[in-house]
Structures are given as structure tokens and as C-alpha cells.
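In: Build me a model from this:
(chains A and B)
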Amino acid sequence: MSSGTSEIEPATAEPIVFRWHEAEVASVTVMTPHVKSVRLRCALAGRQRAGQHVDVRLTAPDGYRASRSYSVASVPDDSGTLELLVEGLPGGEVSGWFFESAEVGDRLELRGPIGGSFSWDGPDGGPLLLAGGGSGVVPLLAMLRRRAEVAPAIPAALIYSVRSRAEAIALEELEARHRAEPNFSLFLRTTREGEGRRIDAALVQAALASIGSPTKVFLCGSNRFVSPAADLIMAAGVPATIIRTERFGA
Amino acid sequence: MVTRGFVGRRQSPETGARLPPGQYLTQDFPILQIGPNPVIDMSTWRFTLREGSRPIKAYRWEELDALPRTKWHGDIHCVTKWSKFDTQWEGVTIDDLLADANISAPTAYLLAESFDDYTTNVPVVDLLNGKAMIATRYAGEPIHADHGGPARLFVPHLYFWKSAKWLKGLRFTNTDTAGYWELRGYHMYGDPWREQRYIGD
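Out: Next up, the predicted model:
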């Protein structure tokens, strides 16, 4: 990668090997009308860098399997679990199972954590500019949780674009962090209520003004969110080399 | 191990036969990349063939665009598990490129190199005999920057992370040298039909 980034680099010559691990549903909690928090007890818990994802694999009685990737919302802790925030997508093969069927004690498989440059930890430093659209906020939430634990002095701003407050994931937590953490600011945009505004140059300027020049920028969401957000942030003078993106769907 | 309550969404036999293991069919064209699209100036665009650090031949856009063109129609498969059927690409095969450069491949491996400093490794044998091209058109149009235009490597029989976007060169290497994702746990070869997503698969 370009020298302007200080991302995760393989520390040794040992190859990274992702093996499937059994996991058990430890809890299921409703977060919003469309999102549930699922805690999975698994040997992989605690290994993740904030921003990384895991692959989830489900197996039907006849051996049919399906797997999908989910960002990990939780940071390493002593619970022995990982938290996924699963959006119930219409017709979603794996998300549908999580959203409609998953119960405590159900078993499935995980592997990971996976992900290169879209991850952050305290030594990577800041200031941090984060921008998420919809459920794209999940890996950014993990970064904010990690930052609060290990590097609360690093200035951070989260631009969060969501249809409505009711659909905003972890809004209560984010607003509490905004109030309680002196070096973190939340910039919320609701696109389908209130003034119904999308992210724009003024919002990017305000976020940048709150943190100074960022050294790390992470953008996550749909293409419809990430592409214009990246353009606005680059137009504000942020170099492309420090911007990392993760996108889902179309 | 069976997951209680999971049934899954089965594909029709026709679709299933075209899908490598673990893949699902998508109708849209997802975009996956590590950062923003790089800014590329066509007047200074160069494509460079290298052996190690030694340049073999460099092409301006007009020079590459003037080489013989080949069309390809078929299915593509991304390691993130989507597959897209019946895609149409056009470009310059690696065979035609090497013929124009008047060389045969000097080593058995290479690294594809991109304008965003992304790299990915591919055995040379997987690029010859019409198996791969430098694609410059998708569905009859110049490739949009979101999908790797103006030129991307196109190796459809491997997972699509091998088809590096915004290609700026091919670097022949003496050994199979891991690229960006291969250094981060992804498979060195990446055959979707053997589900080689990660090292050890």
C-alpha cells in the first residue's frame, strides 16, 4: 500500500489461516425495527481489530450451506463473545435466519477475523474521520468503542447518514458518547425525516473542523453513500491515500 | 453441524450448475475496493511490462488501445460470494500484448500492479492462451472508474480480486509473490470452483 497509510501489516512470515470455528448464539437483542444484536460465543472472540469482519456459515439438515460476511461491532473483551448487528434484509438467506429464527443456544460456524486496511487500533493514531451510511456504521461503531477504551484523547468525528432516527443503529450509545467524550462528535443526518438532508460539503467541513486534519478516514455503506462521501471528503482537501472504504450491495 | 431452523434458499438447477460452491447470484454489480477511485490522467496514463524492477515495454493509452481486441462473454465470481452471469468484456489478451512486446513470458509468475498501489499475484500460465486480458470495455462501453476503468486485468476463471482494477502494469517475478490481499490471508491462487477463498482452503 502507499506509504501514506499505516494499516495492519503482516507481522511475521507465518501465513494467516482462517479456519471455521463453531459458535453458539449467546443472546439476541432487538436494536431497531430492522436490526438485531446477536452475541456469538466463539473461540475467535477477542482476536478482532476494530473494523474487521467475520464469515458466518449456516448448514441446513441436508448439508446445504450458505455463508455471508458481517462486520464485528464489539471490541475484544472478556465475555468470550462477538457482537454482530444484523439487518433483516428482505429475502436475505443468512440475515433472514438471524432475524427470524436465531435463538440462544443455536449453533453455527464462524471464521476470521478478516480484513486488511479497513481496521483501526490505538497505535494507528488519528484524528479519525468516520462516515457511515445505514448499517455501514457497524465497523465504525467498533472503532469508536475501541478508541474510547484505548485512546480517548484521539479526536474523532462520525458522520452518520440514516433514513430516520428510529432506524439509526446504536443511536443512544452514539449520542451518549457525543455528550460524554470530549474528543468525539457525532454528525447525524436523517435523509427521510426532519429536513431530509444528505451528507454535504458543509457537514464534512463541520466534522473536519471538530477534529483538525485527519490521518485516518474510514467510509462504509452502500455505493450510493460511499462514492459521494469519498468525493466530498477529497474535495475538502483530504488526501485519497488516507481514505479506506468498505461497501455493500448496490 | 446443522444450524437449527436454517433451510436456505436453493437455486434452480440451471443456476446452481453455473454457481461455484458458496456463491450466490446477483443482478447488480457490487463495487469492492480498498479506497477511493484513483485519479487517472489519460494523457499521462502508462501501462508498463516489467521483469522485476526492469521495464520491458511501456504503452501510452493510444498504443494499448490500438492492439488487437478480443471479446469475452461469461460469468464472474467474487470472493465476497456474489457471482454475476453473462457479463461482456473486451480488451487486449495477454497473448496479444506479449506478442506486440515481442517477448515470451520471462518468468512463471507475475504481480498485477494498480494505480492505487494495489497488487495481486497470478501464475503466468493462467493469463495465456486466451484466458485473460487487459479489459478496457464492459457491456460495450468504456469501463467506468468504479469498475476499474480505464483498464483492468481480467482473469475470469479466478476470483475477481485477481482482476486488478486501474491496472498500471504487470511485473514478472521469479517466485509466486503474495499481493495485497494474499498478504492478508487470501488464497495465493483463488479458484472459485475449488472455493479457494483463503489460505488453507
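In: make it CA atoms for all contacts and neighbour counts henceforth
Out: Fine.
In: How many residues are close by the closest residue to A:Gln205 other than its chain neighbours?
Out: For A:Gln205, ignoring the flanking residues on the chain, the nearest one in space by CA to CA, 6 or more residues apart in numbering or on different chains is A:Ala236 at 7.0 Å. Close neighbours of A:Ala236, defined as other CA atoms under 10 Å in any protein chain shown, add up to 14.
In: List the residues that contact A:Ala236.
Out: Residues in contact with A:Ala236, defined by CA atoms under 8 Å, 6 or more residues apart in numbering or on different chains, are A:201, A:204-205.
In: Partner strands of the longest strand anywhere in chain A and their direction?
Out: The strand that spans the most residues within chain A, counting by DSSP state E, is strand A:21-32. Paired with strand A:21-32 in the same sheet, following DSSP bridges, are strand A:35-42 (antiparallel), strand A:107-114 (antiparallel).
In: what distance separates the first one from the middle of the whole chain?
Out: For strand A:35-42, the distance between its averaged C-alpha position and the chain's averaged C-alpha position is 14 Å (CA atoms, centre = their mean, to the nearest Å).
In: what sits up against that strand?
Out: Outside of strand A:35-42, the residues within contact range by CA under 8 Å, 6+ apart are A:21-31, A:80-88, A:98-99, A:110, A:169.
In: Run the contact check for whichever helix or strand comes after that strand versus chain B.
Out: Proceeding N to C from strand A:35-42, the next assigned helix or strand is strand A:53-59, under DSSP states H and E. Yes. Applying CA under 8 Å from any CA of the partner chain, one finds strand A:53-59 touching chain B at A:58-59.
In: In chain B, spot the strand with the most residues.
Out: The longest strand of chain B (DSSP E) is strand B:82-93.
In: A:Pro61: what's it in contact with?
Out: With CA under 8 Å, 6+ apart, A:Pro61 has these contacts: B:2-3, B:6-7.
In: top of those by neighbour count?
Out: Highest neighbour count within the contacts of A:Pro61: B:Phe6, with 22 neighbours (other CA under 10 Å).
In: now that residue: how far from chain A?
Out: Distance of B:Phe6 to chain A, given as CA to the nearest CA, to the nearest Å: 5 Å.
In: quick one: that residue from A:Tyr64, how far?
Out: Per CA to CA, to the nearest Å, B:Phe6 is found 9 Å from A:Tyr64.
In: What of A:Asp106?
Out: Distance of A:Asp106 to A:Tyr64, given as CA to CA: 17 Å.
In: Spatially nearest residue to A:Gly125 (excluding sequence neighbours)?
Out: A:Ile154 is the one closest to A:Gly125 (CA to CA, 6+ apart), at 6.9 Å.
In: Need phi/psi at the one you found.
Out: Listed backbone geometry of A:Ile154 is phi -70, psi 120, with angles given as degrees, to the nearest 10.
In: sorry, back to before: can you add mean pLDDT and mean neighbour count and give the strands paired with strand A:21-32 back as JSON lines?
Out: Formatted as JSON lines, these follow (pLDDT from 0 to 100; neighbours: other CA atoms under 10 Å in any protein chain shown):
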{"stretch": "strand A:35-42", "mean pLDDT": "97", "mean neighbour count": "23"}
{"stretch": "strand A:107-114", "mean pLDDT": "95", "mean neighbour count": "22"}
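In: would JSON lines of those strands with distance to A:Leu186 be doable?
Out: As requested, these are exported to JSON lines (distance: least, CA to CA, whole Å):
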{"stretch": "strand A:35-42", "distance to A:Leu186": "20"}
{"stretch": "strand A:107-114", "distance to A:Leu186": "27"}
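In: isn't B:Pro20 right up against B:Gln196?
Out: No. If you go by CA atoms under 8 Å, B:Pro20 and B:Gln196 don't touch, sitting 10.7 Å apart.
In: Let me see the confidence value for the residue of chain A positioned farthest from its centre.
Out: Largest separation from the mean C-alpha position in chain A: A:Asp62, at 33.3 Å (CA atoms, centre = their mean). Looking at A:Asp62, its pLDDT stands at 93.
In: now it: how far from chain B?
Out: Between A:Asp62 and chain B the computed distance is 9 Å (CA to the nearest CA).
In: So that residue lies in a strand, does it not?
Out: No. Under DSSP: H, G, I helix; E, B strand; the rest coil, A:Asp62 sits outside any strand and is assigned coil.
In: For the strand or helix carrying A:Glu149, the averaged confidence score.
Out: Element membership of A:Glu149 [criterion: DSSP H and E] is helix A:138-150. What helix A:138-150 shows for mean pLDDT is 98.
In: Please apply the same query to stretch B:53-72.
Out: On average, the pLDDT along stretch B:53-72 is 98.
In: which outside residues touch that stretch?
Out: Residues outside stretch B:53-72 that contact it (CA under 8 Å, 6+ apart) are B:42-50, B:88-93, B:96-97, B:100-101, B:171.
In: Ignoring the adjacent residues along the chain, who's closest to the residue nearest to the spatial centre of chain A?
Out: In chain A, the C-alpha closest to the average C-alpha coordinate belongs to A:Pro139, at a distance of 1.2 Å (CA atoms, centre = their mean). Excluding its sequence neighbours, the residue lying closest to A:Pro139 (CA to CA, 6+ apart) is A:Gly51, at 4.2 Å.
In: swap in B:Gly185?
Out: Take B:Gly185 and drop its neighbours on the chain: the residue closest to it by CA to CA, 6+ apart is A:Ile16, 4.7 Å away.
In: close enough to count as contact, that neighbour and B:Arg184?
Out: Yes. Taking contacts as CA under 8 Å, A:Ile16 lies within contact range of B:Arg184: 6.6 Å.
In: about what we covered before: now flag whichever of the contacts of A:Ala236 is closest to chain B.
Out: Chain B lies nearest to A:Val204 out of the contacts of A:Ala236, by CA to the nearest CA, at 16.3 Å.
In: Who's the closest spatial neighbour of that closest one, skipping the chain neighbours?
Out: A:Ile233 (6.5 Å).
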